[in-house]
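>>> Sharing a model that was predicted from the sequence below.
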Amino acid sequence: MPAETRLFLCRSDNYGVLLRDPDSGATAAIDAPEVAPIEAALKATGWKLTDILVTHHHADHTGGVAELKTVTGAKVYGPANEKIPARDVALSDADQITVLGLPFVVHAVPGHTLGHIAFYHADAQTPLLFCGDTLFAAGCGRLFEGTPEQMHDSLSRLAALPETTQVYCTHEYTLSNLRFAVAVEPNNPDVSGRFEQVTRWREENRISLPSTLALEHKTNPFLRVSEPSVKQKADERTGTDNTSPVAVFAALRAWKDKF
Ligand SMILES: [Zn+2]
């Protein structure tokens, strides 16, 4: 049976994610923003927490890790190059781990933070990507520690995974990201269609995730920096000729920071 997932709100706009193997009943949390909502989700589902996969060191992703480990005995995986509370297994690029009996590949994705990692499960039918604050629905994370070049490389790596990949982002930023995407590509019908759809969903308080890589390729401006119309818009903003995809990416990211 395929793995089951649950998404739920933590803090103000973080999502907690639980992933469960129906055969064993073992459950992993991807990041642990806050203890109470994760415990409530475990109680509601009856799932048993066995593992915590941490993507990066920010407090809104690690705040609940130590306490949840103490309470449940869960094993904590996290990036080797960052300070992660109660970490048992330190992970680096291309490491392969088995969690809940499922194989995962670790991708180093520096940019938002320097040691940020993503977890990818290459299922034939439903590949899963847990990418922390690197790739968002219709957007990407802020560059707190890394360079535009690093983030562009990281996003390009994730974008090369299969189109069917389900993308589990960690914040509900989709609608504001789409507002920006519409500004970048006012004539892209996929972007305006998604904007209308997510506007309705958010009015109903519906979670806009997970996304898919297919949808991100069509609507995420940060994955579309090689499109001539996106480059042209970046050039208009900077008043220069952004001759490389990295330069277009940097122009978009700087614009979005003030949008
Ligand atoms: Zn973060």
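Arrived safely, thanks for sending. Numbers count the residues shown, from 1 in each chain.
>>> Not counting its own residues, what contacts stretch 61-75?
10-11, 14, 29, 31-35, 38-39, 48-52, 54-55, 76, 78, 84-86, 88-89, 132-133, 170 (Cβ atoms under 8 Å, 6 or more residues apart in numbering). C-beta coordinates here come from the backbone N, C-alpha and C atoms, glycine included.
>>> Can you flag the buried ones in these?
With burial judged by 16 or more other Cβ atoms under 10 Å, the buried subset of these is 10, 14, 29, 31-35, 38-39, 49-52, 54-55, 76, 78, 84-86, 89, 132-133, 170.
>>> Next step: those restricted to strands.
10, 14, 29, 49-52, 76, 78, 89 (DSSP state E).
>>> Can you redo those residues as a markdown table, where the extra columns are pLDDT?
Converted to a markdown table, those look like this (pLDDT from 0 to 100):
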| residue | pLDDT |
| --- | --- |
| Cys10 | 88 |
| Asn14 | 89 |
| Ala29 | 97 |
| Leu49 | 97 |
| Thr50 | 97 |
| Asp51 | 98 |
| Ile52 | 98 |
| Val76 | 98 |
| Gly78 | 98 |
| Val89 | 98 |
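>>> need the contact list for Cys131.
Cys131 neighbours (Cβ under 8 Å, 6+ apart): 55, 109, 118, 158, 167-170.
>>> and the helix or strand where Glu236 lies, what does it pack onto?
Taking DSSP states H and E as the criterion, Glu236 maps to helix 228-238. Packing contacts for helix 228-238, counted by 3 or more Cβ pairs under 8 Å, 6 or more residues apart in numbering; DSSP states H and E, involve helix 245-257.
>>> Just name whatever secondary elements the helix it packs on is in contact with.
helix 148-159, helix 174-184, helix 228-238.
>>> Those into JSON lines, with extra columns for mean neighbour count, distance to the ion and mean pLDDT?
Formatted as JSON lines, the helices and strands packed on helix 245-257 follow (neighbours: other Cβ atoms under 10 Å; distance: least, Cβ to the ion, whole Å; pLDDT from 0 to 100):
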{"stretch": "helix 148-159", "mean neighbour count": "20", "distance to the ion": "13", "mean pLDDT": "98"}
{"stretch": "helix 174-184", "mean neighbour count": "21", "distance to the ion": "15", "mean pLDDT": "97"}
{"stretch": "helix 228-238", "mean neighbour count": "16", "distance to the ion": "25", "mean pLDDT": "96"}
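>>> With distance to Pro2 added, can I get these in TSV?
Putting the helices and strands packed on helix 245-257 into TSV (distance: least, Cβ to Cβ, whole Å) gives the following:
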stretch	distance to Pro2
helix 148-159	21
helix 174-184	24
helix 228-238	35
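>>> Whichever strand or helix holds Gln197: what's the following helix or strand?
Assigned by DSSP H and E, Gln197 belongs to helix 189-203. Moving toward the C-terminus from helix 189-203, the next helix or strand (DSSP H and E) is strand 211-212.
>>> what comes up buried for the next helix-or-strand element following that following strand?
Sequence-wise, the next helix or strand downstream of strand 211-212 (DSSP H and E) is helix 213-219. The neighbour-count check on helix 213-219 (16+ other Cβ under 10 Å) flags 213, 215-216, 218-219 as buried.
>>> Out of those residues, which is nearest to Glu196?
Thr219 (11.8 Å; Cβ to Cβ).
>>> Quickly run through the sheet partners of the helix or strand of the chain with the lowest mean pLDDT, with directions.
Least confident helix or strand, the chain: strand 4-10 with a mean of 91, by mean pLDDT, DSSP states H and E. Sheet pairing for strand 4-10, assigned by DSSP bridges, gives strand 14-20 (antiparallel).
>>> what's next to the strand it pairs with, contact-wise?
3-10, 26-34, 37-38, 41-42, 45, 47, 49, 60-61, 100, 128, 130, 168-172, 207, 209.
>>> ok, that strand near the ion or not?
No - against the ion, strand 14-20 shows no contacts by Cβ under 5 Å from the ion, the least distance being 9.3 Å.
>>> mind listing what's buried in that strand?
14-20.
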